[in-house]
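return a 3D structure for these sequence lines:
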Amino acid sequence: MNSLFQEASQAEHLYRQIIDNALDAFIAIDRNSIILEWSQQAEETFGWARDEVIGKPITETVIPERFRLKHLAGLRRYLQTGAGTIINARVEMPARCKNGDEIPVELTVRPLVTGDRTVFFASMRDISQRKSLEDALHRQVNITTSILNSMAGAVAVADLSERLIMVNPAGQQLLNLRPMDAEKGPFIQSYNLVRPDGITHYPADERPTVRALRGEHVDGMVAMVRHEHLRDGVWVSVNARPLFNSHGVLVGAVAVFHDITELRRREEALASQASQLQEQASLLDLARDAIFARTTDDIITYWNLSAEKLYGYSRSEATGQNCHALLQTRFPVPLEEIVAILHKHHHWEGELVQRTRDGREVIVFSKWALELQEGRPARFLETNTDITHEVETRRALRQSQEDFRLLVEASTDHAIMMLDANGVILSWNSGAERILGMTPEQAIGQPVSNIFTAEDRGTGEPLRALEEARATGRAEDDRWHMRQDGTRFWATGVVTPLWNTDGSLRGYVKIMRDQTEKRLAEEQTRFLANHDGLTGLPNRINFSNELHQSLALSHRNNLPLALLLLDLDRFKHVNDTFGHHTGDLLLKEVALRIVSSIRETDFVARLGGDEFVIIQTDVSQPEASETLARKLVLELGRPYQLDAQEIISGTSIGVCIYPRDGRNSVELLKRADLALYRAKNSGRHNYQFYTSDLYIEQAWKRDRETALRSALKNHQFELYYQPQVDLESWRISSVEALLRWNAAEMETVLPNEFLDIVEQTGMIVEIGEWALREAAHQLRRWQAQGMDDLRLAVNCSARQFNDPKFVAAIPGILRDAGISAHSLELEVPESMLARHPEIKEQLSDLRAQGIRLTIDNFGTGATALIDLKEFEIDVLKIDKAFVQHLPHRREDSAITSAIINLAHNLGVRVVAGGVETAEQLAYLKARDCTSAQGFIFSPPVPAQKFEELMLNGTWSRLNRMPSMDDTVAFNGLH
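From the prediction side, this is the model:
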């Protein structure tokens with residue numbers, strides 16, 4: 001095969017063809033800057049014809065006037081010393097065209113010395129289009145980055161003590177930091193920053209955040225982040241800024257980390273390519289483009305080093321191969337059409353897709369020239385420029401623009417708007433239209449201050465937010481805003497600036513989110529945390545804080561105060577007789593009467609149940625507290641009209657005085673309680689002051705544990721029974737056993753007053769075993785009297801199930817009593833099941849023996865639905881809190897219906913507790929609730945009374961027990 005350069009004339013002709021068809025402009029000058037060579041591409045790029053410039057100084061053509069002296073000085077320095085800043089290097093600089101315009105070019109200069117003659121060859125490429133693409137992409141990326149940074153970004157914020165007070169998730173992952181801890185680090189030193197040499201660490205005083213804490217601005221600081229999860233490390237560019245408060249005082253610093261690993265690797269690869277390029281010995285190898293020659297049959301005869309690098313084939317591997325087959329070229333039009341254009345015009349250019357040796361596809365801008373010898377086609381010369389990056393940049397720009405548009409338009413939860421530098425709205429997404437009630441046509445062109453309240457506009461808040469964003473890069477706010485219709489809404493927002501490539505301000509991005517419901521819920525939560533949900537009075541927590549403050553004020557002013565502890569008389573009777581709904585109405589009315597009876601300086605709270613407390617400030621007059629106590633006894637003793645019924649209650653009051661009766665809140669409460677106990681024992685409906693002899697009278701209260709242990713020995717416990725009625729058969733299906741304590745010289749004590757003690761001391765196991773044994777024997781006696789289908793329901797605690805002796809004793813208790821396992825239902829509170837999942841195994845074992853399981857108080861705990869799927873139960877018991885307001889409270893109705901449907905879908909029974917009215921019963925019956933229990937049928941009663949209910953059918957407030965054929969009364973429940 002003939003060589004490309006067979007003879008001198010052919011070599012000169014080939015050289016001329018190659019440089020004239022290359023994409024780069026080739027210029028040669030001598031040591032006096034006189035132009036010796038001017039390629040065809042130089043003519044097209046700069047506008048001067050070859051004949052116009054040959055023999056003229058280059059300083060009169062492409063070199064701008066401001067750089068001419070610098071060029072001449074650099075040329076002299078190289079000729080004298082052999083050193084030059086742009087010799088054998090690739091640099092970007094402006095070049096002048098014939099029409100006076102300047103364009104950016106990429107320049108490579110290589111000297112060739114032949115004897116005493118020195119010639120400088122310059123390769124120049126017009127990079128205007130690439131610069132334009134990069135600027136456009138930069139602007140678009142700036143917008144997208146601003147939005148993404150508003151929602152999430154890799155940011156670390158430090159306070160003046162160098163403690164990191166905020167690191168977002170991206171920063172935690174990059175820097176290998178744990179989530180923020182309010183009491184412990186991490187600190188700036190918690191992550192490593194390595195210098196650009198990849199070996200040594202930055203000293204503490206050179207770290208970007210430390211420099212920002214000194215007031216410096218850090219931009220583009222290059223470092224490597226390395227830790228156990230980043231084996232090869234990540235290169236980052238760090239920007240850091242000091243943070244100032246509204247008074248201009250330094251309060252911390254923020255650092256933003258950008259991953260530049262890929263960029264750095266690309267720069268290193270480009271530097272390596274440039275180094276190799278500079279080492280080539282010929283002018284053609286100096287070119288960055290892939291240049292090769294081929295015969296008219298497309299057989300490769302020449303292949304430069306840039307072609308080797310682009311395609312991965314060495315010169316020896318490529319030479320002799322069919323060019324299109326080797327590179328698997330895809331043409332924009334059929335190859336025959338391109339060849340026809342070449343034969344007609346002798347040149348063609350266009351984009352091609354080719355494949356490299358390693359299988360990558362590259363996009364090249366290709367220029368073909370047809371070489372003629374003696375008027376006949378001899379060979380093709382091809383110059384290919386890799387434009388894959390430029391094409392991908394254009395695609396990325398288009399995709400980024402589309403992604404940005406979709407991101408903004410699809411975001412309905414966030415109002416996203418673009419503002420110009422003066423705060424005028426330029427764009428308005430669908431989220432902004434939904435949240436603020438304005439169409440884009442109404443909003444665009446208006447100042448952003450229009451969405452602020454009049455108060456904020458008056459104080460200049462909109463302008464302040466924009467100024468803060470411009471100064472610090474971000475401004476956040478949480479405040480009220482205005483909708484188009486004049487309504488207010490609470491929103492969290494952020495404003496970030498947008499910058500042009502020259503550093504000038506282009507505008508702002510403002511993002512807002514409607515948080516009105518959350519704000520109102522937080523305010524409601526704060527109120528409920530400190531107030532009683534029924535009466536609206538301050539609760540026990542609020543009272544405790546108020547009492548401490550009042551005692552401190554009383555001590556400081558040397559003024560006594562009084563503590564009045566109130567307990568309603570006959571409140572249990574009201575609940576048992578008229579139901580809990582009436583009891584709630586009574587508590588509300590009592591609260592109103594107390595508030596109307598005290599001074600504005602006094603404080604009243606509900607401690608729970610029917611217990612209230614009053615802090616009476618400044619009782620320096622001896623009769624002040626007695627006057628108030630007497631007034632309250634009279635006021636609360638007046639009849640109440642509740643639900644068209646007259647209710648008589650009254651109150652008992654215990655009074656103690658600070659500092660006479662106690663020096664702190666604990667002593668005062670304890671002694672007011674003792675005085676209240678005396679008032680109750682004195683016949684109720686009166687008040688009593690604390691005296692020291694009350695300690696002796698109330699010895700049992702100071703040691704309730706001892707009293708309870710004595711109660712079990714002295715048979716002071718008793719079981720009451722409350723029926724559960726099957727709403728389909730209208731029969732009592734089961735009976736719940738409930739514990740009562742008949743304390744000496746006192747009324748019957750309910751379990752909620754002593755269960756905490758027996759739980760804590762472990763007495764619940766012994767008392768629970770006694771109750772189960774007693775109830776089982778009672779059930780056997782009732783079954784012997786003909787109540788064969790009656791079942792027994794017993795409440796159990798986690799402490800009982802955690803005691804293996806109790807669980808093991810249950811089958812034996814049933815055998816001793818002579819009842820089957822199917823006759824026993826164990827009621828387990830939902831909250832206990834959630835807090836003590838370890839008891840599920842014991843419950844499953846008991847159910848396997850035939851014992852039924854009921855989840856009590858369902859709806860108030862935290863049982864996961866997966867538990868109901870995997871843990872088999874027999875009954876769901878709806879908590880009375882959801883029943884007491886049926887059917888008037890929509891939320892309770894929805895929850896109750898959902899629980900009933902859930903039970904039916906699970907195939908288990910559902911029982912409603914706390915049913916007190918016919919209206920509640922009708923609602924539950926209409927929704928196929930299985931059973932019901934409550935005061936409408938019967939309150940808890942002793943065993944003998946329960947027998948009477950069963951035998952004479954007076955267990956319903958309907959005053960009769962309907963038969964299966966009695967449809968009149970039955971239909972009245974629907």
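
what residues of the longest strand along the chain count as buried?
Determined from DSSP state E, the single longest strand within the chain is strand 230-244. With burial defined by 16 or more other CB atoms under 10 Å, the residues of strand 230-244 counted as buried are 230, 234-243. Just so you know, the C-beta spots here come from the backbone N, C-alpha and C atoms, and that holds for glycine as well.

how about stretch 80-95?
Buried, per 16+ other CB under 10 Å, within stretch 80-95: 84, 90, 95.

can you list the residues that contact it?
With CB atoms under 8 Å, 6 or more residues apart in numbering as the test, stretch 80-95 has contacts from 46, 62-64, 67, 74-75, 77-78, 102-111, 124, 127, 274, 277-278.

circling back: of the buried residues of strand 230-244, closest to residue 881?
residue 243 (49.1 Å; CB to CB).

any idea how far the closest residue to that closest one other than its chain neighbours is from residue 165?
Among residues not flanking residue 243 along the chain, residue 252 sits closest, at 4.4 Å (CB to CB, 6 or more residues apart in numbering). Remark: distance between residue 252 and residue 165 (CB to CB, to the nearest Å) = 7 Å.

what's the answer for residue 723, then?
In terms of CB to CB, residue 723 sits 61 Å off from residue 165.

okay, these two: which has more neighbours?
Set residue 723 next to residue 165 and count neighbours by other CB atoms under 10 Å: residue 723 wins out with 24 against 12.

next, the more buried one: secondary structure please.
strand (DSSP: H, G, I helix; E, B strand; the rest coil).

ok, it touching residue 938?
Yes. Assessed by CB atoms under 8 Å, residue 723 is found in contact with residue 938 at 5.8 Å.

what's across from the closest residue to residue 321 other than its chain neighbours in the sheet?
Using CB to CB, 6+ apart and skipping the chain neighbours, the partner closest in space to residue 321 is residue 300 (5.5 Å). Judged by DSSP bridges, the bridge partners of residue 300 are residue 294.

tell me the pLDDT at residue 300?
Here the pLDDT value assigned to residue 300 is 92.

run through the residues that contact it.
So residue 300 contacts 292-294, 318-323, 326 (CB under 8 Å, 6+ apart).

hang on, the earlier thing: among the contacts of stretch 80-95, the buried ones, what's the PyMOL command?
Buried subset of the contacts of stretch 80-95, written as a PyMOL selection, criterion 16+ other CB under 10 Å:
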select buried, resi 46+62+63+67+74+75+78+103+105+106+107+108+109+110+124+277
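
which ones among the contacts of stretch 80-95 lie within strands?
Per DSSP E, the contacts of stretch 80-95 map to strands at 102-111, 124.

could you list the low-pLDDT ranges of the stretch 601-750 of the chain?
694-703, 744-747 (pLDDT under 70).

make it 50
701 (pLDDT under 50).

all helices of it, in order?
Assigned by DSSP state H, counting those that start in this stretch, the helices in the stretch 601-750 of the chain fall at 624-637, 665-681, 694-697, 699-702, 704-713.

and the ones you listed as JSON lines, adding mean neighbour count?
Formatted as JSON lines, the helices of the stretch 601-750 of the chain follow (neighbours: other CB atoms under 10 Å):
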{"stretch": "helix 624-637", "mean neighbour count": "18"}
{"stretch": "helix 665-681", "mean neighbour count": "20"}
{"stretch": "helix 694-697", "mean neighbour count": "14"}
{"stretch": "helix 699-702", "mean neighbour count": "12"}
{"stretch": "helix 704-713", "mean neighbour count": "16"}
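
now those as a markdown table including distance to residue 262?
Output for these, formatted as a markdown table (distance: least, CB to CB, whole Å):
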| stretch | distance to residue 262 |
| --- | --- |
| helix 624-637 | 79 |
| helix 665-681 | 66 |
| helix 694-697 | 81 |
| helix 699-702 | 76 |
| helix 704-713 | 71 |
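
among those, which is nearest residue 517?
Going by CB to CB, the one of those nearest residue 517 is helix 665-681, 37.7 Å.

hang on, the earlier thing: and the strand or helix carrying the residue nearest to residue 243, which strands flank it?
Element membership for residue 252, per DSSP states H and E: strand 250-259. The strands beside strand 250-259 in its sheet (DSSP bridges) come out as strand 155-159 (antiparallel), strand 230-244 (antiparallel).

what residues sit buried inside it?
So, applying 16+ other CB under 10 Å, buried residues of strand 250-259: 252-257.

just stretch 584-596 next, same as before
584-587, 589-591, 594.

show me those that map onto helices.
Those of these mapping onto helices are 584-587, 589-591, 594, per DSSP state H.

related to what we said a few turns ago, among the contacts of residue 300, the buried ones, what's the ChimeraX command?
To isolate the buried members of those in ChimeraX, using 16+ other CB under 10 Å:
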select :292,293,294,318,319,321,323,326
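
which one of the contacts of residue 300 is nearest to residue 24?
For the contacts of residue 300, the nearest to residue 24 is residue 292 (15.6 Å; CB to CB).

that closest one falls within a strand, correct?
Yes. Under three-state DSSP, residue 292 sits within a strand.

that one reaches residue 318, doesn't it?
Yes. Between residue 292 and residue 318 there is a contact under CB under 8 Å: 7.2 Å.

what touches both of the two?
Common neighbours of residue 292 and residue 318 (CB under 8 Å, 6+ apart) are 300, 303, 307.

and which of the residues you listed is nearest to residue 851?
residue 307 (86.5 Å).

pLDDT on the helix or strand where residue 72 lies, on average?
According to DSSP H and E, residue 72 maps onto helix 68-81. In this model, helix 68-81 has an average pLDDT of 86.

the first helix or strand past that helix going along the chain pairs with which strands?
Past helix 68-81, further along toward the C-terminus, the next helix or strand under DSSP H and E is strand 90-96. Strand 90-96 pairs in its sheet with strand 102-114 (antiparallel), by DSSP bridges.

now do the strand it pairs with against helix 68-81, angle only.
Per axes from the mean of the first three to the mean of the last three CA atoms, to 10 degrees, the angle that strand 102-114 makes with helix 68-81 is 20 degrees.
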